[in-house]
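J.: Got a predicted structure plus its sequence, pasted below:
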Amino acid sequence: MSRMEVYSPEGLRMDGRRWNELRQFSCQTNTHPNASDGSSYVRQGNTVVLCLVKGPMDTNRATSTTRASADGPVLNINVSYPPFAGIERKKRSKNERRLSELSIVLERCFLKTIVLKNYARTVIEVNLTILSFDGGLLAACCNSITLALIDAGISLYDYVSAVSVGIYSETALLDLNSLEESDLSFVTVGVVGDSDKLNLIMCEDRLPLDKLERLINLGIQGCHQLRKLMNDTVKEVGVELLSKRQ
Amino acid sequence: MGLDYNISNNEQQFVLDALKENTRLDGRKLLDMRNVEIQIFPDEYGHVDVKLGKTEVACKISASIEQPYKDRPFEGLFQINTEISPMCSPFFEVSQGASGGTSSRQTSEEILISRMIEKSVRRSNALDLENLCLVAGSKCWSVRADLHFLNYDGNFIDASCIAVMTALLHFKRPDVEVSGDDIVVFDTKQRDPVPLSILHIPLCVTFNFYNPNGDEENIKGESNGELIVVDTNLIEERLSLGSMTITLNKNQEVCQLLKSGGLNIDASLIMNCCTYAAKIVSQLTDQIHRVLKEDEHKRINPTEQKELQTVNSREAS
């Protein structure tokens, strides 16, 4: 096998994309109508995430011991990363710090986007399962939660769409896969609706400060593309539902 | 949170109104840091106490010789231990997993604080781990930073990052001599101890966001009227509607950046925050270097220094 180039001089990436192209994105909603109130299946390239939402329900029914809050719902997000999801088969302990951080970040992300006042003293339980991992974990989780919440009929102000962006010398690359993620420093950007306002931004690698702006700009563009794709799917499902009812 | 911290409506209103007029309860402007006091304990290497207003954090570095991980035979070990006890504030509970491992009782804030420090200092390779290797695969230095949170008045992350970095820069490990598989560790009196090799100094700056126009305005509206505040104290931190922590070093590199949820902030405002953080970080780095230099001066023993001098002062006859 020849040496892999992250970004060739001709402007192509390892998987043949240009710098500003997303991976193939497909999503479905209501995949588990019996097991949950809302569910979604999101595929971004080879990253596949399944999300089940239960709720809003009253606090007694919730399994975990959480105190109800008077100003809004309690959002419980569990991320499970089964051993078969990654390249290597590896068991991960349930309270691995990285995963618990991921769920806290996601929780905070969505608490402001749900219309809080409608769900005081309730619990919304979100269960994420990563079926296959190929980069962009936080982004894929974010998108799948958005879709599942919409499917559950929970009122949101707008879509939260997220995407990862990496920097390769002077070029910003959109939506990295795991090979690229391990080579480049990257930022995950999350946007609410089609505004330029950031809900989520997360960077864990070293990265020159002057390149951050370029990354964020490309990220916002990517998020808007994703939002459009998700919106199309939701509308299709909606039209289908309506036609059945008549 | 062990206890809920309830702030009366009047007080909330007062703090928020003050913020709208670009002033705060302790007289600072929105973008002013509190005074950072760094105190180095004179008896030991790598024991530092940092005060940020009333917030107080102590950090102690220790080192021992251990076996490296099997998959990384050429690297030493580095561990940051953060356990927030109820000593600093009754909002934090005793975590049950004292015997090791993360306990499920740890609150989300505790997890975020410890992950943030871990990512800022450890993941960004501030400490050169390869330099800690003694005998590949069998012996290496294991450096451990123990953070003690002594008093909580907001902004633990910034204070603890300053504490860890100053302590690491100050710490000196005993000198060793390796011959084959044998290692001789020299006492500090026999040979001068060796400082750790620090590659860069990452420091955190936390911004908090407030909204004068209400939540819905933030999502639907076009205006970017959010207030941005640096280095919040406890009341301000409780009242804030979102925060962002950025870790930078003096070379203008972002080591870590996290804004999760909270108010949605325009990208241009975030960039402004980042450039402002770079300014603060370079000031703090200078301060840390200054404190370390002063400490080094204090440690020079005048009589010893005189004995070491090769040139004797001659009395004029």
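T.: Received the coordinates, thanks.

J.: Show me the shaky parts of the chain.
T.: All of this refers to chain A. Residues of chain A meeting the criterion pLDDT under 70: A:1-3, A:61-68, A:94-95.

J.: should've been chain B
T.: B:1-4, B:95-106, B:214-217, B:219-222, B:310-317.

J.: Quick check, central residue of it?
T.: Centroid-nearest residue in chain B, with C-alpha atoms, centre = their mean: residue B:161, separated by 0.8 Å.

J.: What residues sit buried inside the longest helix belonging to chain A?
T.: Criterion DSSP state H: the longest helix present in chain A is helix A:209-245. Residues A:209, A:211-213, A:215-227, A:229-230, A:233-234, A:237 are the ones in helix A:209-245 that count as buried (16 or more other C-beta atoms under 10 Å in any protein chain shown). Bear in mind the C-beta positions are built from the backbone N, C-alpha and C, glycine included.

J.: Could you do stretch A:120-139 as well?
T.: A:122-130, A:133-139.

J.: which residue is nearest the centroid of chain A?
T.: Centroid check for chain A by C-alpha atoms, centre = their mean gives residue A:142 as the closest residue, at 2.3 Å.

J.: can you pull out the strands in the chain?
T.: Just so you know, I chose chain A. A:25-29, A:38-44, A:47-58, A:74-80, A:122-132, A:160-168, A:171-174, A:185-192, A:197-203, A:207-208 (DSSP state E).

J.: Correction: the question concerned chain B.
T.: B:36-40, B:47-52, B:55-66, B:77-82, B:133-135, B:139-151, B:172-173, B:176-179, B:182-185, B:194-195, B:203-210, B:227-230, B:243-248, B:253-266.

J.: Correct me if wrong: the residue nearest to the centre of chain A contacts residue A:149.
T.: No: the pair residue A:142 / residue A:149 is not scored as a contact, 11.0 Å apart, by C-beta atoms under 8 Å.

J.: Could you confirm whether the longest helix of chain A reaches chain B?
T.: Yes: looking at helix A:209-245 against chain B by C-beta under 8 Å from any C-beta of the partner chain, the contacts come from A:209-210, A:212-213, A:216-217, A:220.

J.: Flag every buried residue along the biggest helix by length in chain B.
T.: In chain B, ranked by residue count with DSSP H as the criterion, the top helix is helix B:267-299. Neighbour-count burial for helix B:267-299 flags B:267, B:269-271, B:273-274, B:276-278, B:280-282, B:284-285, B:288, B:291-292, B:295 (criterion: 16+ other C-beta under 10 Å).

J.: TSV please, covering the strands of chain A and showing distance to residue B:255.
T.: Below are the strands of chain A laid out as TSV (distance: least, C-beta to C-beta, whole Å):
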stretch	distance to residue B:255
strand A:25-29	31
strand A:38-44	27
strand A:47-58	26
strand A:74-80	24
strand A:122-132	26
strand A:160-168	14
strand A:171-174	19
strand A:185-192	10
strand A:197-203	8
strand A:207-208	8
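
J.: who wins for proximity to residue B:259 among these?
T.: strand A:197-203 (4.7 Å; C-beta to C-beta).

J.: list the helices and strands the closest one packs on?
T.: helix A:97-111, helix A:137-151, strand A:160-168, strand A:185-192, helix A:209-245, strand B:253-266, helix B:267-299 (3 or more C-beta pairs under 8 Å, 6 or more residues apart in numbering or on different chains; DSSP states H and E).

J.: go with 7 Å
T.: helix A:97-111, strand A:185-192, strand B:253-266, helix B:267-299 (3 or more C-beta pairs under 7 Å, 6 or more residues apart in numbering or on different chains; DSSP states H and E).

J.: Quick check: residues of chain A near chain B?
T.: Residues of chain A lying near chain B by C-beta under 7 Å from any C-beta of the partner chain: A:95, A:97, A:100-101, A:104-105, A:108-109, A:111-112, A:157-158, A:192, A:196-204, A:206-209, A:212-213, A:216, A:220.

J.: Put the buried members of the residues you listed into a PyMOL selection.
T.: In PyMOL syntax, the buried subset of these is picked out as below (16+ other C-beta under 10 Å):
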select buried, chain A and resi 100+101+104+105+108+109+111+112+157+158+192+196+197+198+199+200+201+202+203+204+206+207+209+212+213+216+220
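
J.: Skipping its backbone neighbours, what lies nearest residue A:134 in space?
T.: Computed as C-beta to C-beta, 6 or more residues apart in numbering or on different chains, the closest residue to residue A:134 that is not its neighbour in sequence is residue A:46, at 3.6 Å.

J.: measure residue B:200 to residue A:16 for me?
T.: 36 Å (C-beta to C-beta, to the nearest Å).

J.: That should have said residue B:51, apologies.
T.: Applying C-beta to C-beta to residue B:51 and residue A:16 gives a distance of 55 Å.

J.: got it, and residue B:113?
T.: Distance of residue B:113 to residue A:16, computed by C-beta to C-beta: 42 Å.

J.: out of residue B:200 and residue A:16, which sits in the more crowded spot?
T.: residue B:200 (18 against 8; other C-beta atoms under 10 Å in any protein chain shown).

J.: and that one, what are its phi and psi?
T.: When quoted as degrees, to the nearest 10, the phi and psi of residue B:200 stand at phi -160, psi 170.

J.: how about residue A:71, what does it touch?
T.: A:116, A:120 (C-beta atoms under 7 Å, 6 or more residues apart in numbering or on different chains).

J.: 8 Å instead, please
T.: By C-beta atoms under 8 Å, 6 or more residues apart in numbering or on different chains, the residues touching residue A:71 are A:116-117, A:120.

J.: quick one: which of these is nearest residue B:178?
T.: residue A:116 (61.1 Å).

J.: and the residue nearest to that closest one when sequence neighbours are not counted, how many neighbours?
T.: Of all residues not flanking residue A:116 in the chain, residue A:72 sits nearest, at 3.5 Å (C-beta to C-beta, 6+ apart). Residue A:72 has 19 neighbours, counted by other C-beta under 10 Å.

J.: so residue A:72 makes contact with residue A:123?
T.: No: judged on C-beta under 8 Å, residue A:72 makes no contact with residue A:123 at a distance of 10.9 Å.

J.: so what's in contact with the two at the same time?
T.: Counting by C-beta under 8 Å, 6+ apart, nothing touches both residue A:72 and residue A:123.

J.: re earlier: looking at the strands of chain B, which is buried most?
T.: strand B:243-248 (a mean of 26; mean count of other C-beta atoms under 10 Å in any protein chain shown).

J.: Convert that one to PDB, retaining C-alpha atoms only.
T.: The C-alpha trace of strand B:243-248 is given here as PDB (Å, rounded to 0.1, in the frame of the first residue of the first chain):
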ATOM      1  CA  SER B 243     -19.200  29.600  29.600                       C
ATOM      2  CA  MET B 244     -16.300  29.000  27.400                       C
ATOM      3  CA  THR B 245     -12.800  27.900  28.500                       C
ATOM      4  CA  ILE B 246      -9.900  28.400  26.200                       C
ATOM      5  CA  THR B 247      -6.400  27.200  26.900                       C
ATOM      6  CA  LEU B 248      -3.600  29.000  25.100                       C
END
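
J.: Now do that strand against strand B:203-210, angle only.
T.: Interaxial angle, strand B:243-248 versus strand B:203-210 (axes from the mean of the first three to the mean of the last three C-alpha atoms, to 10 degrees): 160 degrees.

J.: what's next to strand B:243-248, contact-wise?
T.: Against strand B:243-248 from outside (C-beta under 8 Å, 6+ apart): A:201, A:209, B:116, B:119-120, B:124, B:157, B:161, B:202-209, B:237, B:254-259, B:262, B:265, B:270, B:273-274, B:277-278, B:281.
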